[in-house]
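Trainee: starting from these lines, generate the structure:
(chains A and B)
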Amino acid sequence: MEEAAIYGILQEIFAEVFLRDDISLAASLSARDVAGWDSIKQIEIIMATEQRLGIRFTSKEIDDFHCLGDLVAAAARHVK
Amino acid sequence: MVGMTSSPELYWLPRQPPDWRQRVGALIDDPVENWSASWAEAVALAKFRLSFSATNALDVAARRLLSLRPERAAPSCRLAALSSSTSAHLAAGIRVGALRRGIALEMYEPPYGQYRQDLADPRSGLYAFDPTIALFAFDAVFVAAHALGATTIADANRLADELVNSFRALWTTAINRLGVSIIQQTVMPRLPCSGGNNEHRLPASGAAFISRVNQRLREACDEAGVDLLSLDAWVAQDGIEHWFSSGSWYGAKQEIALPASPMYGDLAARLIAARQGRSAKCCVFDLDNTLWGGVIGDDGLDKIVIGAGSAAGEAFLNLQHYALDLRRRGVILAVCSKNDEAIAIEPFESHPEMALKRQDVTCFVANWHDKPRNLQTIAQRLNIGLDALVFIDDNPFERELVRQSLPEIFVPELPDDPSLFPRCLSDAGCFEMIALTDEDVRRAAVYAENARRDSFKNETVDLKAYLVGLNMVLRWGRPAELDVARVTQLINKTNQFNLTTRRLNESDVRAAMAAPRAAVLQFRLVDRFGDNGLIAVAIGHMIDDANFMIDDWLMSCRVFGRQVEDAMLNVLAAVARAMGANQLNGMYRPTERNGMVADLLARLGFTTQKASNGVVTGVLNLAYFDERQTAICVEGEFS
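Mentor: All right, here's what the predicted structure looks like:
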């Protein structure tokens, strides 16, 4: 799957998790940039991505999610 | 939806409508001038197949409403989640599960893992919260740690007894000091085996210890009057990967994976509702293609599919046995079918393969009224609330009509394959049981005695608005050669909505199509549930320069009650006018099966006469004919 398509899905996930439509997603986006993005929201984003794409991230991948680009790259590897 | 889902889905609830998110957003910003109306909207929004993130979004709106709640505005419940690992992520699922049942639920969770301290200290947040229900949950790692010292099986059994006794002590404290009722979750069987199939022979095995504890919990709960949330049974059914995710556990100590939280919450809410006496009491079944395959009115007793001989017949029979299981447990069975009563009852009395007999069905309603009206009749006769009914119907049109007209009634979405109906009813948990009492077992009999047939005033069902919302399109045209087989088939299998019941073979149909000054018309109906396919046929011819005679008029009873016959009359009038007619002539010829259309011509405005043999002839003057008003958009494929 193209990374662009994954960003499209993440846009929906972010709207649901943060109840806002105005977060602009980019590879560099991280928890510092969005109010309320704490460790609980981090798990929500990861789980929602797994559920929507039908994939499972590895523990190491989860540890290495420092910015949105990390998550998108890992998701793209799983979906192929 | 991209990809598969990896969690137990609430698949018996309808999918979220496109405006769902917008409605939640509106509720979050709602000024709440009328609390009850806002609450009703929140309850309605909870009755869809929600993902965990949708559940969380709705929970934000629901929590806000709860904080503004006037005293005693809705049945309420205060739940303390007492857990050895994180349960905060389950709160939204539990609150929304309760919301789905109209219950206003507030929750409290002690600081991480501090449930014992909280319970021991009357000045703790737990006592200040003053719960009505306590939900205990112990995670697999916590439980398995208690087996570590075991060197013999006797040790392991003793340690399991001791651990369960310590749970009993917690229950006693909670019951005596807080006055709560208790739900105990079984331990998630998620630890890998080190010994394999005979794991239970290893004294210190965590996996084996968890099954020992779960087994003891069942006995201990029965003795103490505690209700179990059987997580182990759901994991066995769904697979551990649907309930547990190492990412959630290692990352956040969430033993129940977040995507499973809506299901977990629904399970907890079922138990809470059951404790409040709000489980459904009566299962109402449609008949055709629900309790058997085929349409009894059209196919007849010897053609319906039920019982041994085919996979489909076995599947319907299995559903009937499941219904009997429910009945033995105290659930009342009822029937709500669009049929002539005598025809609908026939299989129950005379079909040798039917497991359900007439006397198993406490309330049997078969007629041509709309189903919401008949479901009201059933509730009245049984003297139970509408919210005590569950309605099982294969037809998405009927399901949606009942949901919109009578939202109190639970109407599960059904899988396409009837062999999955019992599993669906079981997963949906409509008849959650707390304790089996003698009264439960006798209930069906008691209600049978009480079932009253007194008449009552029906509340009007807003059928018109519902039909408009269906976006029905009736496409009509002259059949092409390709259509002849299907047209002929419909002519020969339609018994109920069939005015003259003439049987024609394919060459008869071709002859009618080729005849001068004649019309063979076929009709298809499309609505927002999809294409219903070829559903009606009309054949007519000019008998002289002014008169068009309708020789055949028949329609599948699947689409009865949707004004299709009215729209067909408009088409027939237009076709007849185009051929120069100024009068439409119709005829009804009675058979054993077509009583439902005996008064159709009169109802549609024909001037009718009835002969001594029951044949009705009718005339409609086209000069004075006003188009029948319907909610159907008519599209002609030719003119």
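Trainee: helix/strand/coil for B:H369?
Mentor: coil (DSSP: H, G, I helix; E, B strand; the rest coil).
Trainee: give me phi/psi at it?
Mentor: Phi and psi for B:H369, reported as degrees, to the nearest 10, are phi -70, psi 160.
Trainee: got it, and B:S124?
Mentor: Torsion angles, degrees, to the nearest 10, at B:S124: phi -80, psi 170.
Trainee: once you drop chain neighbours, what's closest to it?
Mentor: Spatial nearest neighbour of B:S124, excluding adjacent residues (CB to CB, 6 or more residues apart in numbering or on different chains): B:D118 at 4.2 Å. Using the backbone N, CA and C atoms, a C-beta is placed for each residue, glycine as well.
Trainee: pull up the gap between the residue of chain A found nearest chain B and B:P407, please.
Mentor: Nearest to chain B in chain A, going by CB to the nearest CB, is A:G54, at a distance of 3.1 Å. As for A:G54, its distance to B:P407 is 33 Å (criterion: CB to CB, to the nearest Å).
Trainee: over to B:L27?
Mentor: 17 Å.
Trainee: returning to that earlier point: count the neighbours of the residue of chain A closest to chain B for me.
Mentor: 14 (other CB atoms under 10 Å in any protein chain shown).
Trainee: touching, B:T500 and B:G540? I think so.
Mentor: No. B:T500 is beyond contact range of B:G540, at 10.9 Å (criterion: CB atoms under 8 Å).
Trainee: which stretches of chain A have low pLDDT?
Mentor: Counting by pLDDT under 70, not a single residue of chain A qualifies.
Trainee: who in chain A is up against chain B?
Mentor: A:9, A:13, A:15-17, A:19, A:39-40, A:42-44, A:46-48, A:50-57, A:59, A:62, A:79 (CB under 8 Å from any CB of the partner chain).
Trainee: buried subset of these as a PyMOL selection?
Mentor: Of these, the buried ones can be selected in PyMOL as follows, counting by 16 or more other CB atoms under 10 Å in any protein chain shown:
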select buried, chain A and resi 9+13+15+16+17+19+40+42+43+44+46+47+48+50+51+52+53+55+57+62+79
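Trainee: could you list the domains of chain B?
Mentor: Per automatic domain parsing, the structural domains of chain B span B:72-191+B:201-275, B:282-461, B:471-636.
Trainee: lowest-confidence stretch among these?
Mentor: When the domains of chain B are ranked by mean pLDDT, domain B:282-461 comes last with a mean of 88.
Trainee: which parts of chain A are helices?
Mentor: Assigned by DSSP state H, chain A shows helices spanning A:3-18, A:39-53, A:59-63, A:68-79.
Trainee: B:Q609: which of those helices is closest?
Mentor: With distances scored as CB to CB, the stretch of those nearest to B:Q609 is helix A:3-18 (64.2 Å).
Trainee: specify the angle between the closest one and helix A:68-79 in degrees.
Mentor: On the basis of axes from the mean of the first three to the mean of the last three CA atoms, to 10 degrees, helix A:3-18 is oriented at 120 degrees to helix A:68-79.
Trainee: what's helix A:3-18 packed up against?
Mentor: Helix A:3-18 is packed against helix A:39-53, helix A:68-79, helix B:52-67, with contacts defined by 3 or more CB pairs under 8 Å, 6 or more residues apart in numbering or on different chains; DSSP states H and E.
Trainee: let's have the ones you listed in JSON lines, adding distance to B:F142.
Mentor: As requested, the helices and strands packed on helix A:3-18 are exported to JSON lines (distance: least, CB to CB, whole Å):
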{"stretch": "helix A:39-53", "distance to B:F142": "20"}
{"stretch": "helix A:68-79", "distance to B:F142": "31"}
{"stretch": "helix B:52-67", "distance to B:F142": "24"}
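Trainee: figure out which of these is closest to B:A104.
Mentor: With respect to B:A104, and counting by CB to CB, the nearest of those is helix B:52-67 at 5.7 Å.
Trainee: buried set for whichever helix or strand comes after the closest one?
Mentor: Downstream of helix B:52-67, the first helix or strand assigned by DSSP states H and E is strand B:76-83. Neighbour counts over strand B:76-83 (16+ other CB under 10 Å) mark B:S76, B:C77, B:R78, B:L79, B:A80, B:A81, B:L82, B:S83 as buried.
Trainee: looking at the stretch 301-450 of chain B, which residue is nearest chain A?
Mentor: B:D427 (18.7 Å).
Trainee: ok, for that residue, nearest residue in space, not its chain neighbours?
Mentor: Closest residue to B:D427 in three dimensions, ignoring its sequence neighbours and counting by CB to CB, 6+ apart: B:W12, at 6.4 Å.
Trainee: that neighbour against B:A428, yeah?
Mentor: Yes. The pair B:W12 and B:A428 passes the contact test of CB under 8 Å, sitting 3.8 Å apart.
Trainee: which residues do these two both contact?
Mentor: Residues touching both B:W12 and B:A428 by CB atoms under 8 Å, 6 or more residues apart in numbering or on different chains: B:P412.
Trainee: need the contact list for the residue lying closest to A:L68 once chain neighbours are set aside.
Mentor: Closest residue in space to A:L68, ignoring its immediate chain neighbours: A:L29 at 4.3 Å, by CB to CB, 6+ apart. Going by CB under 8 Å, 6+ apart, A:L29 touches A:I23, A:C67, A:L68.
Trainee: distance of the last one relative to A:H78?
Mentor: Note on A:L68: its distance to A:H78, by CB to CB, is 16 Å.
Trainee: more crowded one of these two?
Mentor: A:L68 (22 against 16).
Trainee: so who does that one touch?
Mentor: For A:L68, counting by CB under 8 Å, 6+ apart, the contacting residues are A:L10, A:L25, A:A26, A:A27, A:S28, A:L29, A:S30.
Trainee: A:F14 versus that one, what's the distance?
Mentor: As judged by CB to CB, A:L68 and A:F14 stand 9 Å apart.
Trainee: common neighbours of the two, please.
Mentor: Shared contacts of A:L68 and A:F14 (CB under 8 Å, 6+ apart): A:L25.
Trainee: of B:L27 and B:P407, who's got more company?
Mentor: Under the neighbour definition other CB under 10 Å, B:L27 and B:P407 were set side by side, and B:L27 has more, 21 against 16.
Trainee: what's the nearest residue to that one if we skip its chain neighbours?
Mentor: Nearest to B:L27 is B:A61, by CB to CB, 6+ apart, at 4.1 Å.
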